[in-house]
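>>> kindly generate the corresponding structure for this input.
(2 chains)
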Amino acid sequence: MNFSAEQPFHLYSHHLEAIGLDEQERVPFPSKKGGTPEGPSPKNLDPKPLKDRMMDRMRKVDPKQSERYRQRTGE
Amino acid sequence: MRFLCGIETEYGLLIRDSEGRGSSMIRQEELFRRVRDYLFFEKKTGLIDLHQRAYDEPPGNGGFLKNGGRLYIDMGHVEYASPECGTIHDMVAMDRAGDLLLEDALRELGLSNNVSFIKNNIDHQTLATFGSHENYSVPRSFPFNEKGLDPLVAFLATRQIFSGAGRVGASIINDSLITLDDEIRSIPFQISQRADYVVNKFYQWVQMNRSIVNTRDEPLADPLQFRRIHLLLGDSNMSQFAFALKVGTTRLVLGLIERGQAPWIPVSDPVQAVRAISHDMSMNWPLEVNDEGVVGAIDIQWRFFDAAERAFRGENDDTDWVLDAWKEILTDLEKKDPSLVSDRIDWAQKYVLLDAFRQAENLSWDDPWMESLDLAYHDLDQVRGLFFPLEEDGVHRRLVSPTAVRAATEDGPAGTRAQGRSEAVHRILKGHSGRTYHDYIIQWFGVQVESGEILYMLDPFKTYRKEVASYFLEAEKTDFSA
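Numbers count the residues shown, from 1 in each chain, chains lettered A, B, ... in the order given. From the prediction side, this is the model:
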């Protein structure tokens, strides 16, 4: 099942709740959901539910990448 | 009250390599230069500086962009300064335009498999921090002194409850600069990236002595009419909603100060309060107020909201959107459940996402993987970054379309002098009527070509489009060799 902007958001609330991303009341301005003011977002070609896709994406993060991220103090 | 805002973002760079040279500052700077040179010399995204701008900005260090903003290398970071924006929508679009320019550059250079820009404010290994600076134009009559600015302190100290980007762990800054491991382990997650680094209430400089309110007076406009409020307390936001609410509410509070209607809430120790609120994941956020005792951060925000509601409701669509969104978020924050605000607030979104993963993988918060996931939330690479799928799927609210962000990389925001600056950059890049410009100086407050007359743009609320058209019409007729 795809989480596309065209489909009713509440259908997926059980997936979202599982990772704490439950359905929210939306404000009317400037847009309600991930769809754009001109139209819906591009369809996601990955058929997995968002929760699964997010978990997959997080598992692909190198557990040690933070050790390589050393920055200069800026301003 | 007129809104005019800009944002300066310093980006971090994550290099993935098997040799472990990713943390090399020299490699980072080489890549910064490569991206900059690609954007200015190959992609023609803007005009590289031909002249020295300041002691630390030699020719070629950066330049103005077609959208009227600026991209340059500063203090070991690529920095994007957005053009001045007159609406919340434009501000969000222009902020994201900087992200998009950099992300596009890495992909087009074939570097995105190994390199990512990270839009955050810390690393987890050192005490380094880098900024997201907000700029607000206010009238010269604004009470620009510690007494006048004091109401801003309580607002900014508590604003992080909806504007914080969140982070795993803490950076404990103390007098001896020694970090105690036990101290860090006691803070698994906090709501702000910058809170640990703020050590002053007011200060005019930025590095090593960061303050809640920066008091540098550099208007970059007619100094007889304008001041520029420069704030460095905030985190870089991935969330469009949180960013819009941050700049929108801040401008309203500055408006209250202008009118002498801002609540004055003397927080006993504001620097300590900034950290205490950030570290308090119970969402109670108590702080000590002189003559009043303990007051919650949400209550303090409600006082500013009530004053802004009375002063500004109905002024324009932007103001009403900010007031509605502010009221909604404070109402939801009172329920003390991060998952109820995770569709609008970065720290809450990151917390619920990482906590779900932590539980699924049976990790503790101090596992190095959690820090790496924290970074991944801010990764601007669309394929790797953790934030973008949430926005694309409507889980996290999006305010501005990808189409509008793409357009914001090309053209300046309407209704401000950035529009005139943008047109000037386009004209110089393209040339006109056979004229090619070999020399130019672009500044926030003016334009000059071929050592001719300077077109001053001292009013940031004016577009200068007619003046720019006339200026270049005249330049086309002029023989500068004479």
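
>>> in chain A, where is pLDDT below threshold?
A:1-47 (pLDDT under 70).

>>> need the longest helix for it.
helix A:50-59 (DSSP state H).

>>> okay, buried residues for it please.
A:Leu50, A:Lys51, A:Arg53, A:Met54, A:Met55, A:Arg57, A:Met58 (16 or more other Cβ atoms under 10 Å in any protein chain shown). All C-beta atoms are positioned from the backbone trio N, CA, C, and that covers glycine.

>>> whichever helix or strand comes after that helix close to chain B?
As assigned by DSSP states H and E, the chain's next helix or strand after helix A:50-59 is helix A:65-68. Yes: using Cβ under 8 Å from any Cβ of the partner chain, helix A:65-68 reaches chain B at A:Gln65, A:Ser66, A:Glu67, A:Arg68.

>>> number of nearby residues for the second one?
Using other Cβ atoms under 10 Å in any protein chain shown, A:Ser66 has 24 neighbouring residues.

>>> how about the third one?
Under the neighbour criterion other Cβ under 10 Å, A:Glu67 is assigned a count of 17.

>>> ok, it touching B:Pro368?
Yes: shown here, A:Glu67 and B:Pro368 form a contact pair, counting by Cβ atoms under 8 Å, at 6.8 Å.

>>> circling back to that earlier point, make TSV out of the residues of helix A:65-68 next to chain B and add distance to B:Gly234.
TSV is the format used below for the residues of helix A:65-68 next to chain B (distance: Cβ to Cβ, whole Å):
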residue	distance to B:Gly234
A:Gln65	25
A:Ser66	23
A:Glu67	27
A:Arg68	26
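
>>> put the alpha carbons of the longest helix of chain A into PDB.
Provided in PDB are the C-alpha atoms of helix A:50-59 (Å, rounded to 0.1, in the frame of the first residue of the first chain):
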ATOM      1  CA  LEU A  50       6.000   4.500   5.400                       C
ATOM      2  CA  LYS A  51       6.900   2.900   8.700                       C
ATOM      3  CA  ASP A  52       8.700   0.100   6.900                       C
ATOM      4  CA  ARG A  53      10.400   2.400   4.500                       C
ATOM      5  CA  MET A  54      11.600   4.600   7.400                       C
ATOM      6  CA  MET A  55      12.900   1.600   9.300                       C
ATOM      7  CA  ASP A  56      14.700   0.400   6.200                       C
ATOM      8  CA  ARG A  57      16.200   3.900   5.600                       C
ATOM      9  CA  MET A  58      17.300   4.100   9.300                       C
ATOM     10  CA  ARG A  59      18.900   0.600   9.200                       C
END
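
>>> list the helices and strands that helix packs on?
helix A:13-18, helix B:346-361, helix B:368-377, helix B:387-392 (3 or more Cβ pairs under 8 Å, 6 or more residues apart in numbering or on different chains; DSSP states H and E).

>>> if you set the cut-off to 7 Å instead, what comes out?
Applying 3 or more Cβ pairs under 7 Å, 6 or more residues apart in numbering or on different chains; DSSP states H and E, we find helix A:50-59 packed against helix A:13-18, helix B:346-361, helix B:387-392.

>>> so which of those comes closest to B:Leu100?
helix B:387-392 (11.6 Å; Cβ to Cβ).

>>> just checking, what packs against the closest one?
Short answer (3+ Cβ pairs under 7 Å, 6+ apart): helix B:387-392 packs on helix A:50-59.

>>> what's in contact with stretch B:98-110?
B:9, B:11, B:34-35, B:38-39, B:45, B:69, B:78, B:80, B:82, B:112, B:115, B:117, B:119, B:380-381, B:405-406, B:409 (Cβ atoms under 7 Å, 6 or more residues apart in numbering or on different chains).

>>> narrow the residues you listed to just the buried residues.
The neighbour-count test (16+ other Cβ under 10 Å) marks B:9, B:11, B:35, B:38-39, B:45, B:69, B:78, B:80, B:82, B:112, B:115, B:117, B:119, B:380-381, B:405, B:409 as buried among the contacts of stretch B:98-110.

>>> pLDDT weak spots in chain B?
B:18-23, B:174-185, B:202-212, B:482.

>>> now for B:Pro143: which residues touch it?
B:Ile257 are the contacts of B:Pro143 under Cβ under 7 Å, 6+ apart.

>>> would you check how far apart it and chain A are?
In this view, B:Pro143 and chain A are 25 Å apart by Cβ to the nearest Cβ, to the nearest Å.

>>> what's the local residue count around the closest residue to B:Trp347 other than its chain neighbours?
Closest residue in space to B:Trp347, ignoring its immediate chain neighbours: B:Gly166 at 3.0 Å, by Cβ to Cβ, 6 or more residues apart in numbering or on different chains. B:Gly166 has 27 neighbours, counted by other Cβ under 10 Å.

>>> so B:Gly166 sits right up against B:Ile191, yeah?
Yes: contact criterion Cβ atoms under 7 Å: B:Gly166 and B:Ile191 qualify, at 5.6 Å.

>>> now do the shared contacts for these two.
Counting by Cβ under 7 Å, 6+ apart, the residues touching both B:Gly166 and B:Ile191 are B:Trp347.
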